[in-house]
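S.K.: curious how this folds, go ahead:
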Amino acid sequence: MRYMFLIYSQETPGGPTPDTVTELMAGHRAVMTEAAAKGVLRGLDPLKDTSTATTVRTRNGESLITDGPFAETKEQLAGYYIIECANLDEAIGWARKIPTTCKGEDGCIEIRPIVEIPKPT
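M.R.: A predicted model of the protein is given here:
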């Protein structure tokens, strides 16, 4: 089963320090390399800051378009991995390896199974 790992961290004014970026990239590179070597990596991408987000809501049949993310939260969705896992226990093992920018702060990896939908022919 494919699982999506949603990476939540805190955006800070000016962004993380160069040393923090280097450390995080090395951590992500290690996870990517290991998952690719095991043949289970299905996709991954970082996301731009929430200041670049646009949200489309539908109310009473009308679309309302606003700048910013869907919800105001302490943590922001920073990126994701999609990894093929045998079960949730294996997915939790991968989530423990994924670094976030919240060193010493609260950050989280949300694990969600992906519904397999047949592709149209």
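S.K.: C-alpha only now, for contacts and for neighbours.
M.R.: Noted.
S.K.: would you map the strands across this protein?
M.R.: For the chain, applying DSSP state E gives strands covering 2-9, 41-46, 54-59, 62-67, 76-84, 108-113.
S.K.: include distance to residue 93, mean neighbour count and mean pLDDT when you put those strands into JSON lines, please.
M.R.: Putting these into JSON lines (distance: least, C-alpha to C-alpha, whole Å; neighbours: other C-alpha atoms under 10 Å; pLDDT from 0 to 100) gives the following:
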{"stretch": "strand 2-9", "distance to residue 93": "11", "mean neighbour count": "21", "mean pLDDT": "88"}
{"stretch": "strand 41-46", "distance to residue 93": "14", "mean neighbour count": "14", "mean pLDDT": "92"}
{"stretch": "strand 54-59", "distance to residue 93": "32", "mean neighbour count": "12", "mean pLDDT": "80"}
{"stretch": "strand 62-67", "distance to residue 93": "35", "mean neighbour count": "11", "mean pLDDT": "82"}
{"stretch": "strand 76-84", "distance to residue 93": "11", "mean neighbour count": "21", "mean pLDDT": "89"}
{"stretch": "strand 108-113", "distance to residue 93": "11", "mean neighbour count": "18", "mean pLDDT": "88"}
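S.K.: out of these, which is closest to residue 119?
M.R.: The closest approach between residue 119 and any of these, judged by C-alpha to C-alpha, belongs to strand 2-9 at 15.3 Å.
S.K.: longest helix in the protein, please.
M.R.: Ranked by number of residues, the top helix in the chain under DSSP state H is helix 18-37.
S.K.: how about it as CSV, C-alpha atoms only?
M.R.: Output in CSV follows, covering the C-alpha atoms of helix 18-37 (Å, rounded to 0.1, in the frame of the first residue of the first chain):
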residue,chain,number,x,y,z
PRO,A,18,22.1,28.0,6.2
ASP,A,19,23.5,25.4,8.6
THR,A,20,19.9,24.1,9.4
VAL,A,21,19.1,23.9,5.6
THR,A,22,22.3,21.9,5.0
GLU,A,23,21.5,19.5,7.9
LEU,A,24,17.9,19.1,6.8
MET,A,25,18.8,18.5,3.1
ALA,A,26,21.3,15.8,4.2
GLY,A,27,18.6,14.2,6.3
HIS,A,28,16.1,14.2,3.5
ARG,A,29,18.8,13.0,1.0
ALA,A,30,19.5,10.0,3.3
VAL,A,31,15.8,9.1,3.5
MET,A,32,15.4,9.5,-0.3
THR,A,33,18.5,7.4,-1.1
GLU,A,34,17.4,4.6,1.3
ALA,A,35,13.8,4.5,0.0
ALA,A,36,15.0,4.6,-3.6
ALA,A,37,17.5,1.8,-3.0
